[in-house]
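Undergrad: Sharing a model that was predicted from the sequence below.
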Amino acid sequence: MRLIRRLLYFFRQRRQTAELAEEMEFHRQLVEQESGDRYAANRRMGPSTLAREDARAVWLPLWLESIPQDLRVGLRMLRRSPGFSILAILCLTLGIGANAAVFSWIEGILFRPYPLVTHQERLAALTGTARSDSGPTLISWPDLLDLQKTCTLIDSFIVTKITGTTLSLGDRAERTIGSIVSANYFDAIGVHPILGRGFEPGQDVGSKAHPVTVISYQLWQSRFKGDPAIVGKMQRLNGIEHTIVGVAPEGFLGTFVGWGMQFWVPASMEETFEGGPYKLEDRSARWIESYVRLKPGVTLEQAQQEMSAVARRLETDFPATNRGRGMKLWPLWQTPFNNAGTLLPTLGIMLAVVVFVLLIACANVGNLLLVRSFARRHEMTVRVAVGAGRSRLLQQLVTEGLVLSAIAATGGLLVAHWCRHALVLLFPARGGVAMTLPGEIDWRVLALSAGVCLFSTFLLGLVPALQTRKIDLAAALKSEMSGVVGGAHGKSVLRSTLVVLQVSLSFLLLVGAGLLMQSLQRIRNLNPGFSTKGVLETAVDLRGAGYELQRAIHFNEELLDRVRALPGIESAAFARNTPLSYGSYSSSPIAVDAYQPPPDEPPTVEYNQVGPGYFSTIGIPLLSGREFTPADNETAAPVAIVNDVMVAQYWRGDDPVGKRLQVNGQWRQVIGVAKVSKYQSVRENPKPFFYLPLRQDFTAGTALNIRTHLPAETIASALAREVHALDANLAPYEVISLQEQMDRSTSAQRVAVTLLAVLGGLALLLATIGLYAVMSYTVSQSSRELGLRMALGAGASNLLRQVMSRGLTLTAAGITLGAAAALASTRLLGNLLYKVSPRDPLVFGSALVVMTVAAIAACFLPAWRATRTDPARILRD
Amino acid sequence: MGNDLLPGTLDMLVLGSLTRGPRHGYGIAQHLKKISEDVLDVGESSLYPALQRLLLSGWVAAEWGASENNRRARYYKLTASGRKQLAAENREFDRMILAIQKVMSCA
């Protein structure tokens, strides 16, 4: 009740105050009448203003009452100097906006990555571990069932495994990404299909036992035209008719950072999508990516302890499959099996950079405020003279800072809102499917941004507040009257410090951007060991279309004939996997005659299965022997081609052509030596690798390489026609050049370079503006001194030198500081750097040049203005 | 004045002065002065904050009306909860006075 009355009072403040004044005046008049003496009333009753304030303070504390007043004054101050206001708000908007945008990306990608999924704070990723393998491993279905049965601290286990299919509807076939999930999936994540239902318990049991699927809202709209009677209809997925049992709600993207899922199938359909034998009863088949939902109040550590205990029991119960293996829980933002892991370092660096930009923006606005605080010195002095306390003055200044940063924060949130989905623009689509990296602006982002806003308010309010501390009434009033500039020393030190800080921070960012650009350049110029020009790469998903082995071999042969017959094609070859692609290679334990492996050597070597003409098509040179021919098929003698790293390691550099190599327990004859190239990543070190003929180890998921001078688009349409002619339900993947493939594999670097270059440029601009402002101000303040010097015979060049040298001294100090900070911190760029020392002298040198040029540009105009000083006028004034 | 009273007493006295009907601020001060035979001379610096406190607590209500000499004046009257509060404070005050008298008579 009291609160409501207080609120009512607050909204009728003006009237209430007037009424109180009227009532008290009435009282006073009656007292006056009674005694016949106005002054007696005043004597008896004390000063009326004070009494009125006391009475009003019952309702609202006075400082609260003065806030609207301060706000009004603050807004009026902003309106009165629009140039200052626009510059300051722009600087802060950029600073706060950049922060809010990065917050929203971090929130949307790392902390709340899955739209519509409930209670994400209790979700954790689950992987296996192996003593022989430093990274996380996948999990087998029986192990997961055992965990589910035993763990008491976990609410639910969710299986997800990313998969894909070629969806053929009408005359269009299209690559589509989906998930193999456990039957409890939709219930466990709290997402309820808008049509139909999720999966029923038991639908994740049995071999190909439950061909049902839930489709995404987007797929329903785009490919099924939003058919309201879709539930119950059939759709062919990977050659098997699936019943559509549900449509997921709009905006639900599944549970995989980076990609939006279009369909979900229960784990019982795993063979159809994963290939290979039935895995649901095989404890040695590890294929599951999984999340768990912790019970409320359970910490990750507690759950991990329980999980490890269960894993140890599994080790003793099933030594054949589980010896040396454990289980590990990861916080969601460290999830190792999706794009969260690759984005984490980039987002971390971005966060550091935007904080820098905010600091620079604050320093800039602080500098502007300092200029203004000088102009307002008179106002402040008068305020103090008429009795304003220090705290009242401070409240006024902080309120003004708050007005400034609140406007900027609003603008910043708008910027963040526009940029929230912008991150994905920096990442190319893969396999024709665009990535999904949604930013999320929720209350946590808003709270953080508000925190940033308050932080900058605090910094901004602090600057003029420091000035009020020094107000010495008598001296100030006197000096105001005589028009002498006083107390400028302390201020100029503060201003110079702010400029030095800005210069050093922008230098740091320039060095960072330079290092990343340098390493991107190195990567681009790197020879991957195969031709990047004139070679295209694509694929046809035969497994997704349900082809069995013989039919796939036949299809490949026919397609190859048709492609080779196309005009402008030099050669074409199939391979299991393309270099630098997302897919993984096969690996096998090997043995070589007369070679004893040292005990710490990894027992397996990776290999690729490639068709005839692969090496000449992709441009990997053969150092010795011959390449595979059509004759190297399933009936011919088993053969292999090894790379020169293997030759050095297993045959001590002797030519191995004609010697034997054991792969998967089968002896093969080495028929050639290929030069080493990049296999999985451009940044990998040369590693042992070999090739088998595709026909001798066939898989249906194959990539097609085409050597041609024609552009990718021309080939794409011709290829689509040929594929369509062979099978109307099939469509090829996107056709890209190997150069494009290489660029995509370095997207993390490119994102970092782009962002650092943009933000570094922004920082440089802000620092230049700051330097310019300081120098102009210095010149305008010392015009009397400059005039005197001129009158005494100093030439223009003399004055120019004097002003420039002051500006450049500040710059030099900033650069020295920035260089020291850069030397200490560029190591943090870590694995984003490639073959570039974090202390690369060339980069440091370039940053020095850029910064110096910017500084000279910033100082020149004020210095030039100094030389135009008219000594006669100045001295007269 | 007023500062010399026990804490909260002024509010109670103001409430008490309204039992016989509404009064304006000056009337309350006059009433207190008359009844107390010039002992309680309440100035506006304590009277008006007290009235605001009572308004805030909802124990009195204010209303503009015409004064004896036909001028606009703000009249305060007790509300139902104000009456209840006054009764409670009266009891508490009696208890306190009794206690003080006991202590003083034994001293």
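TA: On my side now, so go ahead.

Undergrad: Pull out the buried positions in the biggest helix by length in chain B.
TA: Selection of the longest helix in chain B by residue count, based on DSSP state H, yields helix B:80-106. For helix B:80-106, the neighbour count (16 or more other Cβ atoms under 10 Å in any protein chain shown) marks B:G82, B:Q85, B:L86, B:E89, B:F93 as buried. C-beta here means a position set from N, CA and C on the backbone, and glycine is covered the same way.

Undergrad: Make JSON lines out of these and add pLDDT and distance to A:E121.
TA: Converted to JSON lines, the buried residues of helix B:80-106 look like this (pLDDT from 0 to 100; distance: Cβ to Cβ, whole Å):
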{"residue": "B:G82", "pLDDT": "89", "distance to A:E121": "51"}
{"residue": "B:Q85", "pLDDT": "89", "distance to A:E121": "49"}
{"residue": "B:L86", "pLDDT": "89", "distance to A:E121": "54"}
{"residue": "B:E89", "pLDDT": "87", "distance to A:E121": "52"}
{"residue": "B:F93", "pLDDT": "85", "distance to A:E121": "56"}
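
Undergrad: Turn these into TSV, including distance to A:P296.
TA: Formatted as TSV, these follow (distance: Cβ to Cβ, whole Å):
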residue	distance to A:P296
B:G82	49
B:Q85	46
B:L86	51
B:E89	49
B:F93	53
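
Undergrad: sorry, back to before: so how far is the longest helix of chain B off the chain centroid?
TA: Helix B:80-106 sits 15 Å away from the centroid of its parent chain (Cα atoms, centre = their mean, to the nearest Å).

Undergrad: tell me which strands and helices that helix is in contact with?
TA: Applying 3 or more Cβ pairs under 8 Å, 6 or more residues apart in numbering or on different chains; DSSP states H and E, we find helix B:80-106 packed against helix B:9-17.

Undergrad: got the CA positions of the helix it packs on in PDB?
TA: The C-alpha coordinates for helix B:9-17 follow below in PDB (Å, rounded to 0.1, in the frame of the first residue of the first chain):
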ATOM      1  CA  THR B   9       4.600  11.000  19.800                       C
ATOM      2  CA  LEU B  10       4.000  13.900  17.400                       C
ATOM      3  CA  ASP B  11       2.300  11.700  14.900                       C
ATOM      4  CA  MET B  12       0.100  10.300  17.600                       C
ATOM      5  CA  LEU B  13      -0.700  13.800  18.900                       C
ATOM      6  CA  VAL B  14      -1.600  14.900  15.300                       C
ATOM      7  CA  LEU B  15      -3.900  11.900  15.000                       C
ATOM      8  CA  GLY B  16      -5.400  12.600  18.300                       C
ATOM      9  CA  SER B  17      -6.200  16.200  17.400                       C
END
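
Undergrad: Give me the mean pLDDT for it.
TA: When pLDDT is averaged over helix B:9-17, the result is 87.

Undergrad: Can I take it that A:T538 is in a strand?
TA: Yes. Counting by DSSP: H, G, I helix; E, B strand; the rest coil, one finds A:T538 located in a strand.

Undergrad: Report how many residues lie close to it.
TA: Neighbourhood size, A:T538 [other Cβ atoms under 10 Å in any protein chain shown]: 23.

Undergrad: I'd say it and A:E740 touch.
TA: No. Shown here, A:T538 and A:E740 do not form a contact pair, counting by Cβ atoms under 8 Å, at 11.3 Å.

Undergrad: low-confidence ranges in chain B?
TA: B:1-7, B:107 (pLDDT under 70).

Undergrad: Near chain B, which residues of chain A? Just list them.
TA: Contacts of chain A with chain B, taken as Cβ under 8 Å from any Cβ of the partner chain, map to A:1-2, A:5-6, A:19-20, A:22-24, A:26-28, A:30-31, A:44-46, A:48, A:50-52, A:54-59.

Undergrad: From the residues you listed, list the buried ones, please.
TA: Among the residues of chain A next to chain B, those classed as buried by 16+ other Cβ under 10 Å are A:20, A:23-24, A:26-28, A:30-31, A:45, A:48, A:51-52, A:54-56, A:58-59.

Undergrad: Quick check: A:S677 touching A:F530?
TA: Yes. Between A:S677 and A:F530 there is a contact under Cβ under 8 Å: 5.1 Å.

Undergrad: okay, now the domains of chain A?
TA: Here the domain parsing of chain A from automatic domain parsing is A:2-60, A:66-116+A:343-486, A:133-323, A:535-745.

Undergrad: and chain B, which residues reach chain A?
TA: B:24-26, B:29, B:41, B:43-45, B:48-49, B:51-53, B:55-58, B:67, B:71-74.

Undergrad: Do I have it right that A:N633 meets A:R695?
TA: Yes. Applying Cβ under 8 Å, one finds A:N633 in contact with A:R695, separated by 4.1 Å.

Undergrad: Which one of those two is surrounded by more residues?
TA: A:R695 (21 against 15).

Undergrad: residues contacting the more buried one?
TA: By Cβ atoms under 8 Å, 6 or more residues apart in numbering or on different chains, the residues touching A:R695 are A:I553, A:G611, A:D632, A:N633, A:E634.

Undergrad: pLDDT on the helix or strand hosting the first one, on average?
TA: The reference is to A:I553. Remark: A:I553 resides in helix A:549-565, with elements defined by DSSP states H and E. Mean per-residue pLDDT for helix A:549-565: 91.

Undergrad: what sits up against that helix?
TA: Residues outside helix A:549-565 that contact it (Cβ under 8 Å, 6+ apart) are A:540, A:542-543, A:547, A:569, A:571-574, A:611, A:695, A:698, A:700, A:702, A:704, A:706, A:719, A:722-723, A:725-727.

Undergrad: Any chance of the backbone angles for A:L123?
TA: Note on A:L123: its backbone torsions stand at phi -80, psi 140 [degrees, to the nearest 10].

Undergrad: Tell me what it is bridged to.
TA: Beta-bridge pairing for A:L123 (DSSP bridges): A:R293.

Undergrad: burial of it, as a residue count?
TA: Counted with other Cβ under 10 Å, A:L123 comes out at 24.

Undergrad: End to end on stretch A:214-231, go ahead and measure it.
TA: End-to-end span of stretch A:214-231 (Cα to Cα, to the nearest Å): 9 Å.

Undergrad: A:S677 and A:F530: who's more crowded?
TA: Neighbours were counted for A:S677 and for A:F530 using other Cβ under 10 Å; A:F530 has more, 23 against 18.

Undergrad: Please identify which helix or strand holds residue 28.
TA: Defaulting to chain A. Using DSSP H and E, A:R28 maps to helix A:13-35.

Undergrad: wrong one, chain B
TA: Assigned by DSSP H and E, B:I28 belongs to helix B:25-35.

Undergrad: could you say what helices and strands that helix packs with?
TA: Contacts defined by 3+ Cβ pairs under 8 Å, 6+ apart place helix B:25-35 against helix A:13-35, helix B:9-17, helix B:44-57, strand B:72-78.

Undergrad: Compile these into a markdown table and extend it with columns for distance to A:S140.
TA: Conversion of those to a markdown table gives the following (distance: least, Cβ to Cβ, whole Å):
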| stretch | distance to A:S140 |
| --- | --- |
| helix A:13-35 | 71 |
| helix B:9-17 | 78 |
| helix B:44-57 | 70 |
| strand B:72-78 | 81 |
